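> sequence plus predicted model, see below.
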Amino acid sequence: MENNEDLKYHPHTKYDGSWWENDAQGIPLARVCDKCRAAKLAKFRPEIRSGYNQSDVDEPIEPDEEITAATA
Ligand SMILES: [Zn+2]
């Protein structure tokens with residue numbers, strides 16, 4: 001069984017069934033497949049993919065977003 005650390009570096013090439021996950025501004029974050037998508041996207045803040053701008057960074061995020069590090 002592959003662990004999350006392996007999946008963070010799951011390699012991909014064109015036409016292997018993987019795709020690029022983009023942030024809300026269309027900037028590619030990582031190339032993923034069904035297996036490694038969660039592991040690779042885990043390092044990104046939830047709001048990076050739901051849309052934000054620089055002024056939003058210091059404001060509370062939506063309560064229905066999954067909060068991982070905000071309460072540290
Ligand atoms: Zn993968």
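Great, that's in hand. Residues are numbered from 1 along each chain as shown.
> confirm Ala39 sits in a strand?
No - secondary structure of Ala39 (DSSP: H, G, I helix; E, B strand; the rest coil): helix, not part of a strand.
> and the nearest residue to it once chain neighbours are set aside, which of the three is it?
Spatial nearest neighbour of Ala39, chain neighbours left out: Leu7 (3.7 Å); criterion: Cβ to Cβ, 6 or more residues apart in numbering. Any C-beta I mention is one placed from the backbone N, CA and C, and that applies to glycine too. What three-state DSSP gives for Leu7 is helix.
> same thing with Arg31?
strand.
> give the contact list for the spatially closest residue to it that is not a sequence neighbour.
Nearest in space to Arg31, with sequence neighbours left out and distances taken as Cβ to Cβ, 6+ apart, is His12 at 4.5 Å. His12 sits next to Ser18, Arg31, Val32, Cys33 when contact means Cβ atoms under 8 Å, 6 or more residues apart in numbering.
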